[in-house]
Structures are given as structure tokens and as C-alpha cells.
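got a sequence here, can you build the structure:
(chains A and B)
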Protein chains: 2
Amino acid sequence: MTTDLSIFNGTGLEGLVSPVTFSLSADTTAQKALDTIRSNHTVRYVLYITDENGRLTGTVKLSDLLIAEPEQTLGEIREDHQLITANLNEDREEIAEKFKDYDLLSLPVTDENGVLIGVIEYDDAIDILREETTEDFEKMAAISAQDKPYLITSDFKMAKSRIVWLLVLMLSSILTGDIITRYENAFVTMPILISFIPMLMDTGGNCGSQSSTIVIRGITTKELRFRDFFAVVFKEFKISILVSAVLAVVNGIRILIQYHDPLLALTIVLSLVITVVFAKLLGAALPMLADKIGIDPATMASPLITTIVDTCSVLIYFRFACIIFNL
Amino acid sequence: MTTDLSIFNGTGLEGLVSPVTFSLSADTTAQKALDTIRSNHTVRYVLYITDENGRLTGTVKLSDLLIAEPEQTLGEIREDHQLITANLNEDREEIAEKFKDYDLLSLPVTDENGVLIGVIEYDDAIDILREETTEDFEKMAAISAQDKPYLITSDFKMAKSRIVWLLVLMLSSILTGDIITRYENAFVTMPILISFIPMLMDTGGNCGSQSSTIVIRGITTKELRFRDFFAVVFKEFKISILVSAVLAVVNGIRILIQYHDPLLALTIVLSLVITVVFAKLLGAALPMLADKIGIDPATMASPLITTIVDTCSVLIYFRFACIIFNL
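Numbers count the residues shown, from 1 in each chain, chains lettered A, B, ... in the order given. Got it, this is the predicted structure:
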């Protein structure tokens, strides 16, 4: 009763599904099942019980079969939880989710009548799980997902996968530049102000990407869920206070020593604290909100957070500078 | 013969190793082995063959045992490849590497005499593999690795794991700021120059992190090795030419339309192309060089690359501006 795998062509399951070489009825004994495995030369971690119409009715774990008494029937040793199955319309991501969520060793595929038509083995699913992790890394670096290995993907394709995000991010950093020019009077009067822009932008960006990376990873491994939203945001708030305090003190002391200017030190300290707190709250909140509304949280990673934080940190900084120095 | 797991306390294997509930001699028959599994109520993917002194001499895969004739001996159906074992001195990373490199289902642990003292199962190893991936994500966001789940790690500990890198990166971005002040004359004469700094810094940083992320992931999955160094660097060079051409054209046109200043457009176009090419070469080369000399390539990720690229992009930009505008 080996199934014809051609029915999977063109579906998301193509190349993933193994044929069902045999299935057993509920009244088969453990000894008979072991004999069937031996004569079919096919060992699977999970055996499938089907009724007379080929409909999947239950599963038996190989490990339960091996410790069962030889005369016990599969109906007696079957697993008693709900059947987890896949159908022809599911895509690779849904399959990977099921393996992760239910810790499966294999996943049966059934047709619209519940008839067993194939099996997806863990070994094949692990490749999808690995691809998903690679895709997460890629999205977090603002690259569209690649389906071929690095060295054999054409340069043109690689460039294409990177250019869209670069253009989007570039346009928004042009906005940051435009904001700076609005404060031309301020920095022409006081050129030293300019020298703190890289530090504020970089520190804000780095703080934001630390938070977003931790939260994105937490969502991916299902350690963090949306119900943790306020816990996560509040935790990042407390961390950002601690982190920004250290960074602000170090900077404040440096500025006092180098420029002997307490007002300048105050401007930088205030801007830095607000920027760091804002960056970390944004880095924590955006991936969780994205996940909630069905957008992949990995797209809310460093590059996007950095660009948003850049714009805001420059605005915050010049507002403080203008107020404090009356520019 | 269940082993006492307390011998693993204090070693890197603590909490990873399962006891050896039984091992079998080479002349045991397949039927006898199945009976032993049943009476011990312990199913493992791999069975171990030991000699009369308890020394590990071979392995039999459960799947081979199940399709063997009942009267065949384990000596006849044993796997014929070299034994892969772990010893008490290995750490979790080495264990994870062995599972990855040899596609193992389980890994036997032996003492200095080759006596089988425990087994590491795939299910336990997969947690290390997952931890390693999380650590990669964390290092790439400039966070020291955490050993506890996010929500239960103390805020103080979390802040500590992030502050060191932030300080290091902050100091180097202060350097970038100092470089800018050296060109005070240039930007006081021509304030518009300042408005392109965020765009150059961000675009350079994003380009560099795209390359470093792809290369780090390639090294982790063993898709890329050091022998690919020149292939990778050359590929990133070609990609950077394509990418920077598009970005430069978009920017050049925008500047011509907005400022009607061909020299300004030329300055930005040249700076952008050099910055993007430099960022991508650095992003590709640094992780591979780090891996070669034994530093975790994940530390060469976005934050570090971004900070280096920032400094250089500002330098390149002002050099071009000074030459072109004779400032």
C-alpha cells in the first residue's frame, strides 16, 4: 500500500513526505507489528493504526511497542492523546510549527476523508526548522530570505535581496539628516554639538537592537508570548534605567574633564538617558506587537529599530540643547 | 548495572548524561536484545556492545536490530564505522559539535579505560544546540550569553550582560565624533554637509551587518569555511558594487533635484560607494578571520561592524568633501 508521492507535487509538502509503507489495524498484536516491521525493512518512530477504509484512527510509539507484551494489541498500547495531522494545503512553516509545538517525531498527512496518505519524518522536518532559523537571522539583518546556499546564489539575486531594505532605511536616515539641518543655527553657533551625534545614534541603536534581539529570540523559542507584553516592557524599562545611568555617568565625567562645561554634560546626560530608555522600550515592544498582528517579529530587528531610534535621538538631543543653551 | 550519575557532577556533562541501564555482549541475539529492552522498559535509539570488562566495543542501531533476523547476533549487525565517544573532560559545546558533525542519535560517554559510564541522548543534546543558537543571536546583538530564561533573570544581571559592549562601542563612537570636530571649518562653512552623516553612517552599518550576518550564519551551519575566504570576499565585493550603484544613483538624483549642486551629489555618490564596498568587505572578512584565529565569529556582528564603519565613513566623507569643495 505504498502511496504515490506525485500527489504532493506542487504542494508545500513536496519533497518532505515519505510514503506510508504499511499501516496496521487496532487488533494487530505487538509481536505481529514487530514482524511486520522486520518483513517491510522499515523502522519508524511512530506506527499508524488505520481502519478498514485506510482512515487514520490512532498512533503507537515505537518505544511503547518495544516494551509491550508480545500478545498486547495496538489498540491497547496506542497513544491516548488527540491525533495531530497535516493536510495537503499546509505550508512548510505550519509543518515546522507543529513539530515544534507538539515535540513530534513524525507527522501523518491525511486527505480530506482522513485517509493516511503519507508521513513527514522528524529528519526531514529538522531541515525546515534549520531553514527557519537562518531566515530569522537574515530578516534580522534586513535581507530577504534566500532559498539557495550563499556561494551558489547569483550576485545579482543577492544584491536584490538586500537593496529594498537598504533603500527604505536610507530614505528614513535622510529624514534624520533633514532634522539636523533644521538646527543649523544651533550647531553653527556651537559646532561641538555635532561631535556627540555619532555617540547618541550608535548607543541608541545598539541598546535597541539588544532588546529587540532578545525579545525576537524569546518569541521564536516561544519563551515569550503576548501576555508577557507588560512584563517584558517593564523589565526593559528597568534595565534601560540601569544601563543608561552607567553610560550617562561615564559620558558626563568625560565631558566635564575634556570640556569643563557642566551644561554640555547635562545636555548629553539627559539626551542619552531618554534615548536609551526609548530605544529599549521600542526594541521590546515592536517585535511583540508585530507578532500579535501577524507580522514576523524578525523584521523588527536592529536595522529598523536603529533607524527609528536615530531620528528620535537627534530630535531629543537638539531639543535639549536648544532649551539648555537657549539657542 | 545502572551507573551512578554523581560522577558527572561538576563536569560540563552534568545534567546531560543518562545512566546506562543495560549493555549487551557481541554474541547476544537480536531476539534476546529485544527481550532485554522489554524487560528493562528502556528504549534507546542506539544499543551498546561492551566486553567482559564493561569497555565499549561497538554500537547497534535500534532500527538495524528491528529488521535483523531474530537469531542474528549483535556482533553481526553492529555499525561498522568508528566509535564516536565523549569523555568526562568535554564541555557542552564539544558535545553539541559532535552531534552536529556526525548526525548522532546518542553519544556514549566512556572513562579513561574506555568503560561505558553513561549516554547522552539526542533529546538532551538538542537543548544545547538550541542554547547555542540563542547565544549566537545574543552575541550578534552585543550581549553576553545568558544562562537563564529572560523573564526570571534579574534586571541587574541583564543590565550587566549588556553594559560592557555598550561602553566599548560608545567609546569608539566618541572617536567618530572627535573626527567630525576636526572638520569643524568644513561644516561651519557648509552646514549642509552635516545632514548626510546619518545616511552615510546608517547605510554603511546596515550594509556591513547584512554581510556579517550572512557570513556568521554560514560559518555556524558549516556552509562556509576558511578556504572559501577569497570566494566570499570577492562575492561580497561584487554585491557591494551592485548595491552601492543603486543607492548612489537614488541619492545622486535626489541631491540634484533638491539642491541643484552637482559637486555635492558627486561627494555623496563617491562617499557612499566607498563606504558600502568597505562595509561589505569588512562584514564578510572579519567573521571569517575571527573564526580562523579561534574567536567566536558571532562577536563580529552588526554592532562592532557598524561602529568601525561609522568612523571610516565619516573620515572618507569629509576627505572627499574637503578635496571636492577645496575646504
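
and the lowest-mean-pLDDT helix or strand in chain A, what does it pack onto?
When the helices and strands of chain A are scored by mean pLDDT, DSSP states H and E, helix A:122-140 comes last with a mean of 75. With contacts defined as 3 or more C-beta pairs under 8 Å, 6 or more residues apart in numbering or on different chains; DSSP states H and E, the packing partners of helix A:122-140 are helix A:92-102, helix A:197-220, helix B:122-140, helix B:197-220. C-beta here means a position set from N, CA and C on the backbone, and glycine is covered the same way.

swap the cut-off to 7 Å and go again
The criterion is 3 or more C-beta pairs under 7 Å, 6 or more residues apart in numbering or on different chains; DSSP states H and E, and the helices and strands that helix A:122-140 contacts are helix A:92-102, helix B:197-220.

so which of those is nearest A:Ser211?
The closest of these to A:Ser211 is helix B:197-220. By C-beta to C-beta, the value is 16.4 Å.

please name every helix or strand in contact with the helix or strand just after the closest one.
The first helix or strand that comes after helix B:197-220 along the chain, using DSSP states H and E, is helix B:229-259. If you count contacts as 3+ C-beta pairs under 7 Å, 6+ apart, helix B:229-259 packs onto helix A:155-182, helix B:197-220, helix B:262-292.

and the longest one, which residues are buried?
In terms of neighbour count (16 or more other C-beta atoms under 10 Å in any protein chain shown), helix B:262-292 has its buried residues at B:264-265, B:267-288, B:290-291.

next: the first one.
Within helix A:155-182, the residues scored as buried using 16+ other C-beta under 10 Å are A:155, A:158-159, A:161-163, A:165-167, A:169-170, A:172-174, A:176-177, A:179-180.

tilt between that helix and helix A:197-220?
For helix A:155-182 and helix A:197-220, the angle between their directions (axes from the mean of the first three to the mean of the last three C-alpha atoms, to 10 degrees) works out to 130 degrees.

who are the contact partners of the most centrally placed residue in chain A?
A centroid search over chain A (C-alpha atoms, centre = their mean) returns A:Thr220, at 4.3 Å, as the residue closest to the centre. Counting by C-beta atoms under 7 Å, 6 or more residues apart in numbering or on different chains, A:Thr220 makes contact with A:Asp136.

distance of it from A:Gly294?
In this structure, A:Thr220 lies at 15 Å from A:Gly294, with C-beta to C-beta, to the nearest Å as the measure.

same check, this time on A:Arg217
A:Arg217 is 19 Å from A:Gly294, where distance means C-beta to C-beta.

kindly report the same for A:Gly208.
Remark: distance between A:Gly208 and A:Gly294 (C-beta to C-beta) = 23 Å.

more crowded one of A:Arg217 and A:Gly294?
A direct count of neighbours by other C-beta atoms under 10 Å in any protein chain shown for A:Arg217 and A:Gly294 places A:Arg217 higher, at 24 against 6.

hmm, B:Asp136 and that one touching each other?
No: in this structure A:Arg217 lies outside contact range of B:Asp136 using C-beta atoms under 7 Å: 9.5 Å.

who touches A:Glu14 in this structure?
Remark: with contacts taken as C-beta under 7 Å, 6+ apart, A:Glu14 is in contact with A:Phe8.

wait, A:Gly204
Residues counted as contacts of A:Gly204 (C-beta under 7 Å, 6+ apart) are A:275-276, A:279, A:309-310, A:313.

so A:Trp26: helix, strand or coil?
Wrong residue type there; residue A:26 is Ala, not Trp. Under the three-state scheme (DSSP: H, G, I helix; E, B strand; the rest coil), the conformation of A:Ala26 reads as coil.

I should have written A:Asp80 there, sorry.
Reducing the assignment to helix, strand or coil with three-state DSSP, the entry for A:Asp80 is coil.

any idea how many residues pack against it?
Burial of A:Asp80 is recorded as 5 neighbouring residues (other C-beta under 10 Å).

same question for the one 3 residues further on.
Residue crowding around A:Leu83 was assessed by other C-beta under 10 Å; the count is 13.

A:Glu71 against A:Asp27, yeah?
No: here A:Glu71 does not reach A:Asp27: they are 11.6 Å apart, not a contact under C-beta under 7 Å.

look through chain A and report the residue furthest from the middle.
Each residue of chain A has a distance to the centre, and by C-alpha atoms, centre = their mean the biggest one is for A:Glu71: 47.4 Å.

distance of that one relative to A:Leu34?
A:Glu71 sits 12 Å away from A:Leu34 when distances are taken as C-beta to C-beta.

what's the answer for A:Ser211, then?
In this structure, A:Ser211 lies at 54 Å from A:Leu34, with C-beta to C-beta as the measure.

likewise A:Asn251?
Between A:Asn251 and A:Leu34 the distance is 71 Å, computed by C-beta to C-beta.

now do A:Thr57
In this structure, A:Thr57 and A:Leu34 are separated by 20 Å, where distance is defined by C-beta to C-beta.

for A:Ala284, list the residues it contacts.
Contacts for A:Ala284 (C-beta under 7 Å, 6+ apart) come out as A:211, A:215, A:232-233, A:236.

equivalent analysis for A:Leu16, please.
For A:Leu16, the residues meeting the contact criterion (C-beta under 7 Å, 6+ apart) are A:95, A:120, A:124.

could I get the buried residue list for stretch A:185-198?
Judged by neighbour count (16+ other C-beta under 10 Å), stretch A:185-198 contains these buried residues: A:186-188, A:191, A:193-198.

A:Ile7: which of those residues is nearest?
Using C-beta to C-beta, A:Pro198 is the member of the buried residues of stretch A:185-198 that lies nearest A:Ile7, at 58.8 Å.

what's the closest non-adjacent residue to A:Leu105?
What sits nearest to A:Leu105 in space, not counting adjacent residues and going by C-beta to C-beta, 6 or more residues apart in numbering or on different chains, is A:Tyr45, at 3.9 Å.

quick check: the one you found touching A:Leu104?
No: taking contact to mean C-beta under 7 Å, the distance of 9.2 Å between A:Tyr45 and A:Leu104 leaves them out of contact.

tell me who's in contact with A:Thr176.
By C-beta under 7 Å, 6+ apart, A:Thr176 lies in contact with A:310-311, A:314, B:198.

which ones among these are found in helices?
With DSSP state H as the criterion, helices contain A:310-311, A:314, B:198 from among the contacts of A:Thr176.

read off the pLDDT value for A:Thr11.
Taken from the predicted model, the pLDDT recorded for A:Thr11 is 75.

outline the domain layout of chain A.
Following automatic domain parsing, one gets these domains for chain A: A:5-130, A:155-325.
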